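[1] Predicted model, plus sequence, below.
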Amino acid sequence: MPWLLLILAGVFETVWAFYMKLSEGFTRAGPTLVMLGAMLVSFGLLSLAMRTLPLGTAYAVWTGIGALGAFVLGIVLLGEQVSALRLIAAGMIVSGIVLMKVADVP
């Protein structure tokens, strides 16, 4: 269950990062409110996951999911650049998330 909470927290981190971009420096109320709501949910789920998961593992996976999600949304929805080097970097983030999960198994 803590891993599911952590994954959901990472998804909501992606949401708030995306809406932070859409808020245009907090000048647009709608995206700013969505961002704040997603932040609260993300932090809340992360705190629940941290009840049982190690701090380093939980935080690294949470930020990794958020970074990867923001990377994908930037490409798919915002037309950001795709390059071999950026894809390799994203693959390294995925590798890090998987290794953190594997390392957490007793």
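    Right, received. Where do you want to start? Numbers count the residues shown, from 1 in each chain.
[2] and residue 103, how many residues sit next to it?
    Applying the criterion other CB atoms under 10 Å, we find 10 residues in the vicinity of residue 103. Yep, even glycine has a C-beta here, placed from its N, CA and C like the rest.
[3] Tell me the secondary structure at it.
    Residue 103 falls in the helix class when you classify it by DSSP: H, G, I helix; E, B strand; the rest coil.
[4] neighbours of residue 48, just the number please.
    16.
[5] The one 10 residues further on too?
    Residue 58 is surrounded by 24 other residues when neighbours are defined as other CB under 10 Å.
[6] Please identify which helix or strand holds it.
    According to DSSP states H and E, residue 58 maps onto helix 55-78.
[7] which parts of that helix are buried?
    57-71, 73-74 (16 or more other CB atoms under 10 Å).
[8] Could you list every helix and strand in contact with it?
    In terms of contacts (3 or more CB pairs under 8 Å, 6 or more residues apart in numbering; DSSP states H and E), helix 55-78 is packed against helix 2-22, helix 29-49, helix 84-104.
[9] Tell me which of these lies nearest to residue 78.
    Closest approach to residue 78 among those (CB to CB): helix 2-22, 7.2 Å.
[10] what's next to that closest one, contact-wise?
    28, 31-32, 34-36, 38-39, 41-46, 48-49, 51-53, 58, 61-66, 68-70, 73-74, 77-78, 101 (CB atoms under 8 Å, 6 or more residues apart in numbering).
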